[in-house]
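S.K.: Pasted the sequence and its predicted model underneath.
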Amino acid sequence: MKKQIDLSVVIPCYNSAKLLEQNIRAIRRILNNTRYNYEIIFVDDGSIDGTVKLVKKLMKKNENMTLFCHEKNMGRGRTVADGIRRAKGKIVGFTDIDLSTSARYIPALALEIEEGADIATSWRIYKIELRYLPKIFHRLILHNGYRFLVKILLGTGLKDTETGCKFFNRERILPILDQVNDEHWFWDTEIMVRPFFKGYKIIEIPTIYIRRPEYGTTVRVFKDTLCYLVNLWKLYWELRKIHRSRL
């Protein structure tokens, strides 16, 4: 008889071969020292490097790992959502495979869900090495600017909607997945803002965030920023119409 899964961790992958194995070891090392019976769900979003081959190698050694592959690139939001839908745990979440937010925060986020939160996420506190500052300075400006816009335009008070480390009460988040429109990076905003206005309990835990430019990124800064702003404006008007209809 198989044990009930307590915690499902979704790992969205896209051309992640160079850092996958060492970072999965780090995640497993943390989770193996908890009381949680867990599973790791890899969702590959059309990688063209050796990511899928490497995941299959890891799966041969670990029976609590599964893999789902997109035939083509579908977007980060769709990738995470597909993993959540396939999860078996009462608690489900995801973390970016570069582990800019350390895996050591996962147990604390899971505990918040156990204690009654619907959503528990990391609130990124940037730790920056001076040698990396010129390479990520523009990202810092965009990150803080977007955070300010979300706060002012949507009025949620949330500190960090875009964090790549989020955990959920699976039963509570499944209906929200069907309401989210974007399947790419703006998915992160919707998956927090929509529950906020439905009265979900959201906990944000301060976490150290170490951005390592050598790992690369799939974010297209200018194009994705424009998409963010367009989607943010659309969400603002959608929520405003909903509010007016309830008056």
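M.R.: Now that the structure is in, tell me what you want to look at. Please read all numbers here as calculations on a predicted model, not as lab measurements. Residues are numbered from 1 along each chain as shown.

S.K.: So which residues of this protein form strands?
M.R.: Assigned strands in the chain, in chain order: 7-13, 38-44, 65-69, 91-95, 119-126, 165-169, 202-209 (criterion: DSSP state E).

S.K.: Using neighbour counts, pick out the buried residues of the last one.
M.R.: Think strand 202-209. The neighbour-count criterion (16 or more other Cβ atoms under 10 Å) identifies 202, 203, 204, 205, 207, 209 as the buried residues of strand 202-209. Using the backbone N, CA and C atoms, a C-beta is placed for each residue, glycine as well.

S.K.: quick one, what contacts the first one?
M.R.: Just to be clear, that refers to residue 202. The neighbourhood of residue 202, defined by Cβ atoms under 8 Å, 6 or more residues apart in numbering, consists of 117, 118, 119, 120, 121, 158, 192, 195, 196.

S.K.: Let me see the contact set for the most centrally placed residue in the chain.
M.R.: Averaging the C-alpha coordinates of the chain gives a centre point, and the residue nearest to it by Cα atoms, centre = their mean is residue 164 (3.8 Å). Each residue near residue 164 by Cβ under 8 Å, 6+ apart is listed here: 94, 95, 96, 100, 101, 188.

S.K.: same thing with residue 157?
M.R.: Contacts for residue 157 (Cβ under 8 Å, 6+ apart) come out as residue 151.

S.K.: Please report how far it lies from residue 232.
M.R.: Residue 157 is 16 Å from residue 232, where distance means Cβ to Cβ, to the nearest Å.

S.K.: which non-adjacent residue is nearest residue 190?
M.R.: Distance criterion Cβ to Cβ, 6 or more residues apart in numbering; nearest residue to residue 190, sequence neighbours excluded, is residue 180 at 4.4 Å.

S.K.: just residue 9 next, same as before
M.R.: The shortest distance from residue 9 to any residue other than its chain neighbours is 5.2 Å, reached at residue 40 (Cβ to Cβ, 6+ apart).

S.K.: what does residue 126 give?
M.R.: Excluding its sequence neighbours, the residue lying closest to residue 126 (Cβ to Cβ, 6+ apart) is residue 209, at 5.3 Å.

S.K.: Correct me if wrong: residue 106 contacts residue 29.
M.R.: No. The pair residue 106 and residue 29 does not pass the contact test of Cβ atoms under 8 Å, sitting 11.2 Å apart.

S.K.: Many thanks, have a good one.
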